[in-house]
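Undergrad: next input, structure requested:
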Amino acid sequence: MATAIREILVHLERHRISLVDLTTSVLLHQGLQHPFPFLLQDLIARARETHGVIYHRPECQSTTVSWAHDCMTAKYSSALHDLSHNNRDLHFNILHVQPHQIREFRMEEMAMKMWEQQPMLWSLVYRLVTGDNSASDEKPIGGRDSDEDSEEEETVDDESEDEMVDDERPWAKMRGSRPRAFKEIKTITILSQLLHSRYRKCNALQSVMGIFLHSCNTPEKVVKVLTRMGISVSLTSIHRAIHSLKSECFTDIRTLGRTLLVSYAYDNFDVKFSTGIPTVEGPQDTLVHLTSGTLIRLEHGVTAHNLRCGHNLWEKNPNNPNASNPIQFHPHATMKFLNTLHFEARNPDAHRLTRRGLFRAYLFKKSLFEYRPQYFRDLRESLTAPDAVEQIPIRRAHQVPLQAMKINQSTVSGNIDVLMDMLAQAGVGEADAQGETSVDMTDLGDMVQLIHGDLGTMERVISAMERRAIDLTPTSWLQFVVFVFGLFHFKMAAADAIWRILVSPDSARKDTSSFMAFVTKLRPASSGKLTNNALFREQHELIGHVGEVLRLDAWRIEARRYGYLTLEKWAEAKPTLEAIDKVAAQLVTQYVEGEGTNLYQMKNRSAAQRDKQHENTMRTHHYLLLYEELSYSMNAGDIGRLETMFPPWIQIFRALYNVYPVGLRRAVRYNMLVNPTGRAHHFRAVDWVVELLNLFIKEMYGGEGSNYTTNRILDESALVLIYQNCHRVFEQNFLLSGLSYAHGTKNMTATFNDVQQYIQGLEESPNKYRAGREAKYEIPNALDCSAAIITAESAVMMMSSRCGARLKKKGGEEWATKTIGD
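TA: Coordinates of the predicted model:
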């Protein structure tokens, strides 16, 4: 071959034809291509080899690199131009931002669009980021099939309690691909900066980043620096985006409100500003009283027909001076109704436990399976949740926050103002005398609306309805109001009731087996504060932890009856599930008041036979298990079980319950709890949702420093869920884990073991009977005490209706109460 090539070169030299002239002529002149197709095809096929040979020639290297640089610069510049101008998915109209654009922002989708349209540009930046010249040109992670990396899939923050936000991101589930995802994030960021510099409208990442920075209360100086870097849009653009989002929110509020198939929820929140300069013209108080509210769509088949009963209810309202059929509240009839609301047939269970007893057996087994020897822990999968009495279907709640109101809701008139303001925001009102309403207003007519609030709000709204009863129009006398008390505050009242019974009395804290004795072991550093100033979260956790400790000790005592000194020894015997069920049933019937155990008989025994501390422990079990069942039924959305909890708790702190027409009753019952995430056992009370909004408005997104003002809080209060979704989007897109604001679940095994050692060191276990044991405090039976009060109230009402004139003459209900007492 060398000889043939030498002859060709000699021939070219003779005709003064260079190799460059020869190559370019073959490539460019068609007349030379047809006679010799093989030469052309070979030259094209081996072009990479040719370029490589020229590049590796030392004297050609600099010119080759310079030529390649010029060519690829033009190539990549053209690619950037095409990608920035032709890909509408990367454009973001900052003047007309839609909330769904924030929720649906996906970094992995941006990566796929860039890779599909300009794979070479993507490959260049990705290789520069990774520093790996041998990196493959495979598609980004977001474009892979769902079954890839299936063995390593794991949802980031799987146990997150971030409510009311989306949490599905494809690449966030691929734990094994996280290092590659981090590099792709940097690649997307660099390409987004380049695209934005080429075409200002190609600003998807920068726009969402700007809104995210605004929601984080980022200082303006930082935003300006990031704008110069091409990572965020300008401050002006951010403010325009916020204004656009507010307009969309107000449209969403009116769209949802005018369907009239919504419930309203509101609550007050106070803001304490750190500084304030009062003036003569406007003295400034640093404490400002505001009110937040939200609209929640009614679910589960509620129709306008179910809510069209305002006139019917008004005719039965005792506040109506012209009522044709006023119905007075009757405590005894209410309790009878509640006790028969969910009739319980004879239980086919072999242990003859009631519905409540079965739930308590479930909790006893749950304590054993979670905190005791490994053998029992291995049985956790066999533990099934109790059957629901009446389950609310799981459906993700849809809510739209209202703009916060500068109204003090702690007064009756303030509540009236709040109700009218919420109706106005929702585009709902009352027709005039001619039956006409404005174009953008929907007439309430005979419709009622569900109003959610805490127990204090309920009292003020009832007072407002009494005040307005003689007004001229249905809306002004609040005919549309159907108040639904907040179950979250109901639960708070239950925890507070337990605290008042088991902790507040001085003598209640003196026994070594008292509730507070265990609290001292669980929280040794803060037991003094917990006596009088415990927060609800602390009460809630301690009720659960003390209950776990007492139930575990009950298991230990019962295991001894079967010949096992410890639960570890019993675990070594490997009892069957049937045997465990049998023991759990015995614990329910023999260690807890109310299910086969009659404390009245025990209290009637002689002092030498009584064990007062054991009696206190049985009643403590009873109260703590009532709270556990209340909490469980709310989280599970078991409205039937929740309603069976009302009678005992009403007898503890005397609440109310209203009875409405069948359709409205179902609307109230099935919408007292909502599910912000659409997941099982994630139901929440409506007033809890409002409390969460208060947290967002006041603490997280209300501004910071000089921007933390009343106007900022009010203006952007309707955007808090958009901001929350934006945060969640960034946490998922940038793979930021461990940022949940949810309360973490701690491993209490070692702590419970320590408390168990304390119990075993006592002279006798609180769960074991020892005749003659005294107690410095006897836990009262709050259920019976309140039952007597309800009976007395019923008697007073009966006497009032039969001899009203006589009662009035002798001093009204005070005389009646005294007469009954006598």
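Undergrad: is the closest residue to Ala361 other than its chain neighbours in a helix, a strand, or coil?
TA: Leaving aside its chain neighbours, Ala361 sits nearest to Ala584 (4.2 Å; criterion: C-beta to C-beta, 6 or more residues apart in numbering). C-beta: built from backbone N, CA, C; applies to glycine. Following DSSP: H, G, I helix; E, B strand; the rest coil, the label given to Ala584 is helix.
Undergrad: list the contacts for Ala584?
TA: By C-beta atoms under 8 Å, 6 or more residues apart in numbering, the residues touching Ala584 are 361, 364-365, 368.
Undergrad: pretty sure Gln409 is touching Asn415, no?
TA: Yes: with contact defined as C-beta atoms under 8 Å, Gln409 and Asn415 form a contacting pair (5.9 Å).
Undergrad: ok, the two, which is more surrounded?
TA: Asn415 (29 against 23; other C-beta atoms under 10 Å).
Undergrad: can you say which helix or strand has that one in it?
TA: helix 412-425 (DSSP states H and E).
Undergrad: what's that helix packed up against?
TA: On a contact count with 3 or more C-beta pairs under 8 Å, 6 or more residues apart in numbering; DSSP states H and E, helix 412-425 meets helix 235-257, strand 262-272, strand 287-297, helix 455-467.
Undergrad: please redo it, this time with the cut-off set to 7 Å
TA: Counting contacts by 3 or more C-beta pairs under 7 Å, 6 or more residues apart in numbering; DSSP states H and E, helix 412-425 packs against strand 262-272, helix 455-467.
Undergrad: among these, which is the most enclosed?
TA: Mean neighbour count, computed with mean count of other C-beta atoms under 10 Å, is highest for strand 262-272 among those, reaching a mean of 21.
Undergrad: export only the CA atoms of it, formatted as PDB.
TA: Only the C-alpha atoms of strand 262-272 are listed here, as PDB (Å, rounded to 0.1, in the frame of the first residue of the first chain):
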ATOM      1  CA  VAL A 262     -68.800  25.000  50.700                       C
ATOM      2  CA  SER A 263     -68.100  25.300  54.400                       C
ATOM      3  CA  TYR A 264     -66.500  28.300  56.000                       C
ATOM      4  CA  ALA A 265     -63.900  28.000  58.800                       C
ATOM      5  CA  TYR A 266     -62.300  30.800  60.700                       C
ATOM      6  CA  ASP A 267     -60.200  31.600  63.800                       C
ATOM      7  CA  ASN A 268     -58.500  34.500  65.300                       C
ATOM      8  CA  PHE A 269     -54.700  35.000  65.600                       C
ATOM      9  CA  ASP A 270     -52.800  37.700  67.300                       C
ATOM     10  CA  VAL A 271     -49.600  39.300  66.000                       C
ATOM     11  CA  LYS A 272     -47.100  41.000  68.300                       C
END
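Undergrad: and the angle for it with strand 287-297?
TA: For strand 262-272 against strand 287-297, the angle by axes from the mean of the first three to the mean of the last three C-alpha atoms, to 10 degrees is 160 degrees.
Undergrad: partner strands of strand 262-272, parallel or antiparallel?
TA: If you go by DSSP bridges, strand 262-272 pairs up with strand 287-297 (antiparallel), strand 449-453 (parallel).
Undergrad: of all the ones you listed, which lies closest to Leu735?
TA: strand 287-297 (30.9 Å; C-beta to C-beta).
Undergrad: let me know the next secondary structure element after that closest one.
TA: Per DSSP H and E, the first helix or strand lying C-terminal to strand 287-297 is helix 304-307.
Undergrad: which elements pack onto that next one?
TA: Against helix 304-307 (3+ C-beta pairs under 7 Å, 6+ apart) you get helix 662-670.
Undergrad: need the residues that contact the helix it packs on.
TA: If you take C-beta atoms under 7 Å, 6 or more residues apart in numbering as the criterion, helix 662-670 is touched by 298, 300, 302, 305-307, 309, 392, 448, 450, 482, 484, 639, 659-660.
Undergrad: circling back: export the helices and strands packed on helix 412-425 as JSON lines, with columns for distance to Phe488 and mean pLDDT.
TA: Converted to JSON lines, the helices and strands packed on helix 412-425 look like this (distance: least, C-beta to C-beta, whole Å; pLDDT from 0 to 100):
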{"stretch": "strand 262-272", "distance to Phe488": "10", "mean pLDDT": "93"}
{"stretch": "helix 455-467", "distance to Phe488": "11", "mean pLDDT": "90"}
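Undergrad: as CSV, the ones you listed with distance to Ile722 would be great.
TA: Listed next are these as CSV, based on distance: least, C-beta to C-beta, whole Å:
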stretch, distance to Ile722
strand 262-272, 19
helix 455-467, 27
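Undergrad: which of the ones you listed sits closest to Gly210?
TA: Gly210 lies closest, by C-beta to C-beta, to one member of the helices and strands packed on helix 412-425: strand 262-272, at 26.0 Å.
Undergrad: quick one: low-confidence parts of this protein?
TA: Residues of the chain meeting the criterion pLDDT under 70: 31-36, 135-137, 142-176, 275-285, 329, 345-351, 433-439, 651-659, 738-744, 784-822.
Undergrad: strands of that one, start to end?
TA: Under the criterion DSSP state E, the chain contains strands at 262-272, 287-297, 399-401, 428-429, 442-443, 449-453, 481-485, 673-674, 684-685.
Undergrad: quick one: those as JSON lines, columns for distance to Gly357 too.
TA: Output for those, formatted as JSON lines (distance: least, C-beta to C-beta, whole Å):
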{"stretch": "strand 262-272", "distance to Gly357": "35"}
{"stretch": "strand 287-297", "distance to Gly357": "35"}
{"stretch": "strand 399-401", "distance to Gly357": "37"}
{"stretch": "strand 428-429", "distance to Gly357": "47"}
{"stretch": "strand 442-443", "distance to Gly357": "50"}
{"stretch": "strand 449-453", "distance to Gly357": "33"}
{"stretch": "strand 481-485", "distance to Gly357": "28"}
{"stretch": "strand 673-674", "distance to Gly357": "24"}
{"stretch": "strand 684-685", "distance to Gly357": "26"}
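Undergrad: to Arg88, which of the ones you listed lies closest?
TA: Of all those, strand 399-401 sits nearest to Arg88, with 28.5 Å by C-beta to C-beta.
Undergrad: so what strands line up beside that closest one?
TA: Sheet partners assigned to strand 399-401 using DSSP bridges are listed as strand 287-297 (antiparallel).
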